[in-house]
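Enquirer: here is my input, please return the structure:
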Amino acid sequence: MPYEGNLTESWDISLKRGGGALSGVDFQEKFIMTVSMTSVTKTTMRLALAIVAVCTVALRAAEVVLQDGSRLVGQLESIEGGVLVLKPSWGDAIRIPQAEVVTVENESPTTYRLRTGEVLSGEIRLDSAGPVIVSASAEVVVPVSQIEAAWLPGAEDPAEVARVRALEAQVRRWTYQLGFDLSGSAGNAENLGTSVNAQAKLEGPSDRLLLYGSYNYKETDGLRSADEQKAGMRYTNFFGEKMGWFVREELERDTFEGVDFRSTTALGLSYRFIKRDRLSLEGSAGLSYRYDSYSDVGADNVDFPGLDFGADLGWQFADWGKLVTKASYIPSFEDLGDYIIEQETGVDVPLGVSDAWVMRFGLSNQYNSRPSGNREKLDTTWFARLLLNWE
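Expert: Numbering: from 1, shown residues only. Purely as a prediction, here's the structure:
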């Protein structure tokens, strides 16, 4: 019933739903507003009307009808690769196969690219002919199957985004990493120590160059118990999707173990067993040449050809954690009982929202079947390593 009275009276508003889809037009046509007033100012009245207007705009949404008759209401975020993404007000975005969609009605301004290549911006309305894209320049009747892509204002065409990403993937990029350890060890020495690790990696879609170095120093009761330096390079080139070749060189000096100089050169084949966004596994096998020069009195220098086996695993098992493992096995041709095994496993935990700062908790082992003097064969080190990554 029409309101008759003074606009300076107070009032309250209640909304009753009359049925229909929850869109801006339906909100105005199918919701009944009952206003009872007693003593309120014109300013309050204007504020209330503004709130109703905001609610009406917020309710503007898309309605999607599926082949089974289901009706879903929410914000149409995108159409890409045969998938329609709808964000309902009550939860996370829903990915709907485009082939399951019968009709779409969307009142929010959206850009559509048709399979003919034509690009239109506007709303989608329904009439007797089906969905109609209403733009400033034309009204086009188009079946849902003919909409190749859709994106919101301010976003980019998914095809253009994919093209840029594909070009970026072809470019080699340098990445850098610097690490600092707090570690404990058992084996030749039981102590606490520190070490510094650094690496630079140049990687493209089909090859990878890795340069690395480390320095490990420990003291026990004021006496030096570890003093190791390593530096090396590894180049891998993939001539196929999975198969490639590698060459590597590593130099080492460890005064505590009596190694004055150790050189390991290897080349062979690499194979990508798994290469996914969150899981990768790569193995290698080849030939090696090792030269050891010892500082101990009476110790003979040795050099021999051998084999070289390696494996690298990376597994992003959760958003907060990634497992990384590297292992190598280098036996001698002349005596398979003369070999070195190295392994390092760690779990990376990002410190913050980015991967720039990472804490790695891990364990490393080095087993030398023929150590110099009376030294133990196995060195085990556990560590907490702070890593800084940048490009």
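
Enquirer: W315 contacts L323, correct?
Expert: Yes - between W315 and L323 there is a contact under Cβ atoms under 8 Å: 4.4 Å. In this view, the C-beta of every residue, glycine as well, is placed from N, C-alpha and C.

Enquirer: name the helix or strand for P205, please.
Expert: Under DSSP states H and E, no helix or strand contains P205.

Enquirer: one more: the one 4 residues further on?
Expert: Assigned by DSSP H and E, L209 belongs to strand 207-220.

Enquirer: could you do T325 as well?
Expert: Per DSSP H and E, T325 falls inside strand 321-331.

Enquirer: wait, what's in contact with T264?
Expert: By Cβ atoms under 8 Å, 6 or more residues apart in numbering, the contact set of T264 is R248, E249, E250, E252, S288, Y289, R290, D308, I330.

Enquirer: pLDDT value on it, please?
Expert: pLDDT recorded at T264 is 93.

Enquirer: which element is it on?
Expert: With DSSP H and E as the test, T264 turns up in strand 259-275.

Enquirer: buried residues of that strand, list them for me.
Expert: For strand 259-275, the neighbour count (16 or more other Cβ atoms under 10 Å) marks V259, D260, R262, T264, T265, A266, L267, G268, S270, R272 as buried.

Enquirer: can you put those residues in CSV and add distance to W174?
Expert: CSV is the format used below for the buried residues of strand 259-275 (distance: Cβ to Cβ, whole Å):
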residue, distance to W174
V259, 31
D260, 33
R262, 28
T264, 25
T265, 25
A266, 24
L267, 24
G268, 25
S270, 21
R272, 22
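
Enquirer: widest-spaced pair of these?
Expert: For these, the farthest-apart pair by Cβ to Cβ is D260 and R272; their separation is 37.4 Å.

Enquirer: for this protein, which spans come out with low pLDDT?
Expert: In the predicted model of the chain, residues 1-60, 128-129, 136, 183-191, 221-222, 297 satisfy pLDDT under 70.

Enquirer: now do the strands in the stretch 1-150 of the chain.
Expert: With strands called from DSSP state E, counting those that start in this stretch, the stretch 1-150 of the chain shows them at 9-17, 31-39, 62-66, 71-80, 83-87, 94-97, 101-114, 119-127, 130-135, 139-141, 147-151.

Enquirer: tell me which of the contacts of T264 fall in strands.
Expert: With strands defined by DSSP state E, the entries of these inside them are R248, E249, E250, E252, S288, Y289, R290, D308, I330.

Enquirer: the fifth one: neighbour count?
Expert: Which is S288. Residues near S288, counting by other Cβ atoms under 10 Å, number 22.

Enquirer: with the third one instead?
Expert: Residues near E250, counting by other Cβ under 10 Å, number 20.

Enquirer: so what's the closest residue to it other than its chain neighbours up against?
Expert: Nearest residue to E250 in three dimensions, chain neighbours excluded: G232, at 3.6 Å (Cβ to Cβ, 6 or more residues apart in numbering). Counting by Cβ under 8 Å, 6+ apart, G232 touches L211, Y212, G213, R248, E249, E250, L251.

Enquirer: for the strand holding L209, name the packing helices and strands.
Expert: strand 173-186, strand 191-203, strand 223-238 (3 or more Cβ pairs under 8 Å, 6 or more residues apart in numbering; DSSP states H and E).

Enquirer: contacts for it?
Expert: Contacts to strand 207-220, defined as Cβ under 8 Å, 6+ apart, come from residues 172, 181, 183, 185, 189-203, 224-238, 244.
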